[in-house]
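Trainee: this one's sequence-less:
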């Protein structure tokens, strides 16, 4: 579940804001264009949907890579043993 910080990073990744809680009233827009309270509140669901999409894309890429490895007769553990695997 998204936090207020996640929502602000989603909309204003360049920074210029400060948040001390998870509600709109705890935001200080210092050197960026403010977002509206409605946008902030909707941002929790939007961030969660975006994050889920990012995770789904990463899982699909991993699955595709594993299929390619299998076609070569290799597994992710084989790559790790060779020092080539990530996590």
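Mentor: It's in. Being a predicted model, the structure only gives us computed values, none of them experimental. Numbers count the residues shown, from 1 in each chain.

Trainee: how close does the residue most central in space within the chain sit to residue 74?
Mentor: By CA atoms, centre = their mean, the chain has its centre lying nearest to residue 51, at 4.6 Å. Look at residue 51 and residue 74: by CB to CB, to the nearest Å, they are 31 Å apart. Bear in mind the C-beta positions are built from the backbone N, C-alpha and C, glycine included.

Trainee: the residue nearest to the centre of the chain against residue 7, yeah?
Mentor: No: at 11.1 Å, residue 51 does not count as touching residue 7 under the criterion of CB atoms under 8 Å.

Trainee: I figured residue 22 hits residue 4, correct?
Mentor: Yes: between residue 22 and residue 4 there is a contact under CB under 8 Å: 4.1 Å.

Trainee: more neighbours: the two, which one.
Mentor: The residue with more neighbours, out of residue 22 and residue 4, is residue 4; 18 against 15, by other CB atoms under 10 Å.

Trainee: so that one touches residue 25, yeah?
Mentor: No: with contact defined as CB under 8 Å, residue 4 does not reach residue 25; the gap is 10.4 Å.

Trainee: report the buried residues of stretch 71-87.
Mentor: By neighbour count with 16 or more other CB atoms under 10 Å, stretch 71-87 contains the buried residues residue 76.

Trainee: contacts for it, please.
Mentor: 66, 69 (CB atoms under 8 Å, 6 or more residues apart in numbering).
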